[in-house]
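J.: sequence? don't have it. structure:
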């Protein structure tokens, strides 16, 4: 069961619609990439098999997280404690 109490196919369709309503479209990686490259001195390369963005090619600030290749998708980003 999904967070909406629906079967997986239906919840996937609802999640896609929810993303579109938030302006994310159907390509969350593309949207994340666009946000990261809007920041100065950003570079991208693979780290641990996932797209990762760096400041000045050194310090990681965002890592895409799709290692499970299931319905869980996310990203890790630098933030202060409690954020």
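T.: Here it is on my side, so go on. For clarity, every value in this text was computed on a predicted model and none was experimentally measured.
J.: Could you measure from the closest residue to residue 41 other than its chain neighbours over to residue 42?
T.: The spatially closest residue to residue 41, leaving aside those adjacent along the chain, is residue 56, at 4.9 Å (CB to CB, 6 or more residues apart in numbering). The way it works is simple: take the backbone N, C-alpha and C, and place the C-beta from them, glycine included. Using CB to CB, to the nearest Å, we find residue 56 at a distance of 9 Å from residue 42.
J.: And those two? Which one has more around it.
T.: Using other CB atoms under 10 Å as the criterion, residue 56 and residue 42 rank with residue 42 on top: 17 against 9.
J.: Which residue ranges of this structure form helices?
T.: All helices of the chain, identified by DSSP state H, fall at 8-21, 28-37.
J.: Comparing the ones you listed by mean pLDDT, which bottoms out?
T.: Lowest mean pLDDT of the helices of the chain: helix 8-21, a mean of 52.
J.: who touches the residue lying closest to residue 66 once chain neighbours are set aside in this structure?
T.: Once flanking residues are discounted, residue 66 sits nearest to residue 73: 5.5 Å by CB to CB, 6+ apart. By CB atoms under 8 Å, 6 or more residues apart in numbering, the contact set of residue 73 is 28, 65-66.
J.: Residue 54 too?
T.: Counting by CB under 8 Å, 6+ apart, residue 54 touches 42-45, 60-61.
J.: rerun that using 7 Å as the cut-off
T.: By CB atoms under 7 Å, 6 or more residues apart in numbering, the residues touching residue 54 are 43, 60-61.
J.: Are any of the residues you listed buried, and if so which?
T.: By neighbour count, with 16 or more other CB atoms under 10 Å, these hold no buried member.
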